[in-house]
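Asks: Dropping a prediction and its sequence here:
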Amino acid sequence: MEFDVVIVGAGPAGLAAAIRLKQLAAENGSEISVVVLEKGSEVGAHILSGAVIDPVALDKLIPDWREQGSPLDTPVTEDRFHYLWKDGGLSLPTMLMPPLMSNHGCYIGSLGSLCRWLGEQAEALGVEVYPGIAVTEAIFGDNGGIKGVITGDMGVARDGSHKDSYTPGIALTGKYTLIAEGARGSLSKALIRKLGLDAESGPQKFGIGLKELWEVPAEKHRPGLVQHTMGWPLGDRTGGGSFLYHFGERLVAVGFVVHLDYDDPYLNPFKEFQRSKMHPRIREHLEGGKRISYGARALTEGGWQAIPRLVFPGGALIGCAAGFMNVPRIKGSHNAMLTGMMAAEAAFAAIGEGRAHDVLEAYPESVAASSMATELKKVRNVKPLWSRFGTRLGVMLGGIDMWLNTIFPFLTPTLKHLKPDFASLQKADQAKPIEYEKPDGVLTFDILSSVFVSGTNHKEDQPVHLRLADPSIPIEKNLPEYAEPAQRYCPALVYEVVEEGGTLRFQINAQNCVHCKTCDVKDPAQNITWVPPEGGDGPSYVNM
Ligand SMILES: Cc1cc2nc3c(=O)[nH]c(=O)nc-3n(C[C@H](O)[C@H](O)[C@H](O)COP(=O)(O)OP(=O)(O)OC[C@H]3O[C@@H](n4cnc5c(N)ncnc54)[C@H](O)[C@@H]3O)c2cc1C
Ligand code: SF4
């Protein structure tokens, strides 16, 4: 199938790009064919975010989004920030933060719902949006760039044989292909490696974000309240913190981010999240309520200095596939949309000039000249300082650096990220197993009942989509050296070490996978590769 532009991923980046392409065609009285391919069973099914959304990109893309029935209808009214210790904490005045950290003017909502709505807007403009289709490969052209993509085969049994339902993948070619897979995309990772796109950027850094959606009693609901915390239950050496947002009809989004450069092989991000909800400043918002959903997703944290080369012949990386997340603001969706729009404008102009399959240089030029670049440069040292100096000192130095960069732009040198996240674990013999409390089933939960409310489903009889380069590494290397951390960092209990007849075996419960991509990032041997399972499989997030 041939299109002018093929877009991989119906997140904010991909959908903003698709809408912008069609708007430009309408403004110019021309035609452009645009297809968006999405692995979730429907648009939004695999989207998990906070989310406090800066409307700067929506205002540009669909200026009357408020009148058009968009699901973003809770403006931020109160911004709280606490440093926590067990059972207590310190409220930090928001005036200590540089103005760019303010949530004033932002909206709280579900990014998944916003994407569903954006998908409808795209379809109304004539974009072909195909959910339930996983893209597995790029089609390379003679110039070393890409000419399109191939979607995954359907109906393949676990042993590789073809079932009655077998349908081979299809090739979709485009004059330009925009990769909008979000953090640690499988195709993006392969392209970055093959085309050396990260030759001049530092290693990308990641966090794992875990989230629950709660329905709370009306008397507890404070629509518009935004709360962030740092500190307990994480130790000073581990970056991360909690978020809690009141929005919509008695809904509270509560979540926890752990930076994936943590060093303790016994740390369990899921259990740290559960523990965080026991703190009085978090539990007071949830007590009397009911958890209705759960999920997890990696987020990019490398910032400006970790953004790879954005373009290559025939294509471009947009949104968090490249990594435009603003770490101290915990916001990336507006930048994802802005980059999608900039790439769309470059592709539209190129197609108008009769070009195809070449390099869209205008896109990185627009990014470099944008206010988004200014914003990201101001906060570029926060994450490296946090990683080097820990939470208390690192965040304070990061705050000073942000103020300096706000008053005297770019006075301070750019700090590099020292190492990739997989290289940060200590050996197990230098650490102590952590004792976590048992879940109470009211405020805190076990992992399997959590996966259940994520609506995750994979057809059992299909090839395992968590590929081990060397199947012996988990038991022979990772277990003795790091107590096989996959058992703990995976937020869906996909990986287990089980004993069978006196022998230890590494078991992969692929059907539980919520597609967060943490294993692909954190495995210390870089032995695990996440590849897309059959299109439509995975979580079925609603309102996440
Ligand atoms: C816990 C958490 C909290 C966050 N909080 C906020 C916040 O409050 N505010 C904010 O602005 N940002 C927040 N972010 C960041 C924000 O979610 C991201 O910046 C944003 O989602 C990036 O958009 P994207 O379009 O690049 O990627 P994504 O939103 O990840 O979308 C990518 C889409 O591509 C699809 N896809 C991926 N690979 C393939 C493939 N091979 N084939 C087909 N489809 C594919 C996915 O299923 C998905 O639908 C948060 C992130 C997390 C994880
Ligand atoms: S298997 Fe990997 S991608 Fe899937 S949920 Fe576990 S850590 Fe995330």
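Replies: Looks like it came in fine. Ligands and ions are numbered 1, 2, ... in the order given.
Asks: C-alpha from now on. contacts and neighbour counts both.
Replies: Fine.
Asks: which intervals of the chain have sub-threshold pLDDT?
Replies: Judged against pLDDT under 70, the chain has no low-scoring part.
Asks: Spell out which parts of it neighbour ligand 2.
Replies: Within reach of ligand 2 by C-alpha under 6 Å from any ligand atom, the chain has these residues: 490, 491, 492, 494, 513, 514, 515, 516, 517, 518, 519.
Asks: Most neighbours among these, please name it.
Replies: residue 491 (30 neighbours; other C-alpha atoms under 10 Å).
Asks: quick one: it is in a helix?
Replies: No. Counting by DSSP: H, G, I helix; E, B strand; the rest coil, residue 491 is not part of a helix but coil.
Asks: so how far is residue 296 from it?
Replies: 7 Å (C-alpha to C-alpha, to the nearest Å).
Asks: so what's the backbone phi/psi at whichever residue of the stretch 1-150 of the chain sits closest to ligand 2?
Replies: Nearest to ligand 2, among the residues of the stretch 1-150 of the chain, is residue 46, at 11.9 Å (C-alpha to the nearest ligand atom). Per-residue torsions, residue 46: phi -110, psi 10 (degrees, to the nearest 10).
Asks: got it, and residue 55?
Replies: phi -80, psi 10.
Asks: ok, now the one 5 residues further on?
Replies: Per-residue torsions, residue 60: phi -80, psi -40 (degrees, to the nearest 10).
Asks: what's the spacing between it and residue 505?
Replies: In terms of C-alpha to C-alpha, residue 60 sits 53 Å off from residue 505.
Asks: can you put the residues of the chain next to ligand 2 in a markdown table and add distance to residue 176?
Replies: Formatted as a markdown table, the residues of the chain next to ligand 2 follow (distance: C-alpha to C-alpha, whole Å):
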| residue | distance to residue 176 |
| --- | --- |
| 490 | 35 |
| 491 | 36 |
| 492 | 36 |
| 494 | 36 |
| 513 | 31 |
| 514 | 30 |
| 515 | 26 |
| 516 | 27 |
| 517 | 26 |
| 518 | 29 |
| 519 | 31 |
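Asks: Among those residues, which are located in helices?
Replies: Mapping the residues of the chain next to ligand 2 onto helices (DSSP state H) picks out 518, 519.
Asks: so which of the residues of the chain next to ligand 2 also contact ligand 1?
Replies: Within the residues of the chain next to ligand 2, nothing lies near ligand 1 by C-alpha under 6 Å from any ligand atom.
Asks: Which of the residues of the chain next to ligand 2 sits closest to residue 390?
Replies: residue 518 (21.5 Å; C-alpha to C-alpha).
Asks: ok now do that closest one, which residues does it touch?
Replies: Counting by C-alpha atoms under 8 Å, 6 or more residues apart in numbering, residue 518 touches 208, 297, 298, 489, 490.
Asks: Narrow those to just the buried residues.
Replies: 208, 297, 298, 489, 490 (16 or more other C-alpha atoms under 10 Å).
Asks: What is the burial count for residue 69?
Replies: Neighbours around residue 69, by other C-alpha under 10 Å: 10.
Asks: returning to what we had before: I'd like to know how far the residue of the stretch 1-150 of the chain closest to ligand 2 sits from ligand 1.
Replies: 5 Å (C-alpha to the nearest ligand atom, to the nearest Å).
Asks: Where does the nearest residue to that residue once chain neighbours are set aside sit: helix, strand or coil?
Replies: Once flanking residues are discounted, residue 46 sits nearest to residue 40: 5.4 Å by C-alpha to C-alpha, 6 or more residues apart in numbering. Under three-state DSSP, residue 40 falls in the coil class.
Asks: Count the residues that sit near residue 40.
Replies: Residues near residue 40, counting by other C-alpha under 10 Å: 25.
Asks: ok, it - contacts?
Replies: With C-alpha under 8 Å, 6+ apart, residue 40 has these contacts: 46, 131, 132, 133, 134, 535, 536, 537, 538, 539, 540.
Asks: ok, now which ones touch the third one?
Replies: If a contact means C-alpha under 8 Å, 6+ apart, then residue 132 has 37, 38, 39, 40, 41, 42, 535, 536, 537 as its contacts.
Asks: and the second one, what are its bridge partners?
Replies: Meaning residue 38. residue 131 (DSSP bridges).
Asks: What about it, how many residues nearby?
Replies: 28.
Asks: tell me the secondary structure for residue 23?
Replies: Strictly by three-state DSSP, residue 23 counts as helix.
Asks: tell me the contacts of it?
Replies: residue 125.
Asks: Which parts of the stretch 301-450 of the chain are strands?
Replies: Listed in chain order, the strands of the stretch 301-450 of the chain (DSSP state E, counting those that start in this stretch) span 311-312, 315-317.
Asks: got the residues of the stretch 151-300 of the chain near ligand 1?
Replies: 180-183, 185-187, 209-211, 297-299.
Asks: Return the closest of those residues with respect to residue 359.
Replies: Nearest to residue 359 among those, with distances taken as C-alpha to C-alpha, is residue 180, at 17.0 Å.
Asks: could I get the buried ones among the contacts of residue 518 as TSV with distance to residue 339?
Replies: Shown next, in TSV, are the buried ones among the contacts of residue 518 (distance: C-alpha to C-alpha, whole Å):
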residue	distance to residue 339
208	23
297	21
298	19
489	31
490	30
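Asks: out of those, who's nearest residue 467?
Replies: Looking across the buried ones among the contacts of residue 518 and measuring by C-alpha to C-alpha, the closest to residue 467 is residue 490, at 14.7 Å.
Asks: Tell me where the stretch 51-200 of the chain has strands.
Replies: Under DSSP E, counting those that start in this stretch, the stretch 51-200 of the chain gives strands at 52-53, 74-75, 78-85, 88-91, 107-108, 128-131, 135-140, 146-151, 154-156, 162-167, 171-179.
Asks: centre of the chain versus the fourth one, how much separation?
Replies: The chain centroid and the centroid of strand 88-91 are separated by 29 Å, computed with C-alpha atoms, centre = their mean, to the nearest Å.
Asks: secondary structure element for residue 10?
Replies: Per DSSP states H and E: residue 10 is located in neither a helix nor a strand.
Asks: what separates the closest residue to it other than its chain neighbours from ligand 1, distance-wise?
Replies: With C-alpha to C-alpha, 6+ apart as the criterion, residue 10 has its nearest non-adjacent residue at 5.4 Å, and that residue is residue 38. Separation of residue 38 from ligand 1 (C-alpha to the nearest ligand atom) stands at 4 Å.
Asks: so who does residue 38 touch?
Replies: Contacts of residue 38 by C-alpha under 8 Å, 6+ apart are 8, 9, 10, 129, 130, 131, 132, 133, 134, 135.
Asks: Most neighbours among those residues, which one?
Replies: residue 10 (33 neighbours).
Asks: wait, isn't that residue in contact with residue 180?
Replies: Yes. Counting by C-alpha atoms under 8 Å, residue 180 is a contact partner of residue 10 at 7.3 Å.
Asks: Which elements pack onto whichever strand or helix holds residue 497?
Replies: Following DSSP H and E, one finds residue 497 within strand 495-500. If you count contacts as 3 or more C-alpha pairs under 8 Å, 6 or more residues apart in numbering; DSSP states H and E, strand 495-500 packs onto helix 486-489, strand 503-508.
Asks: Tabulate those (a markdown table), appending distance to residue 412.
Replies: Below are the helices and strands packed on strand 495-500 laid out as a markdown table (distance: least, C-alpha to C-alpha, whole Å):
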| stretch | distance to residue 412 |
| --- | --- |
| helix 486-489 | 35 |
| strand 503-508 | 46 |
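Asks: Grab the most central residue of the chain for me.
Replies: By C-alpha atoms, centre = their mean, the chain has its centre lying nearest to residue 299, at 3.7 Å.
Asks: That one and residue 442: what is the separation?
Replies: Residue 299 is 28 Å from residue 442, by C-alpha to C-alpha.
Asks: one step back: taking the contacts of residue 38 together, which two end up most distant?
Replies: Longest span within the contacts of residue 38, C-alpha to C-alpha: 129 and 135, 13.5 Å.
Asks: Between the two, which contacts overlap?
Replies: Shared contacts of residue 129 and residue 135, counting by C-alpha under 8 Å, 6+ apart, come down to 37, 38.
Asks: Select the longest helix from the protein.
Replies: Max-length helix for the chain by DSSP H is helix 382-407.
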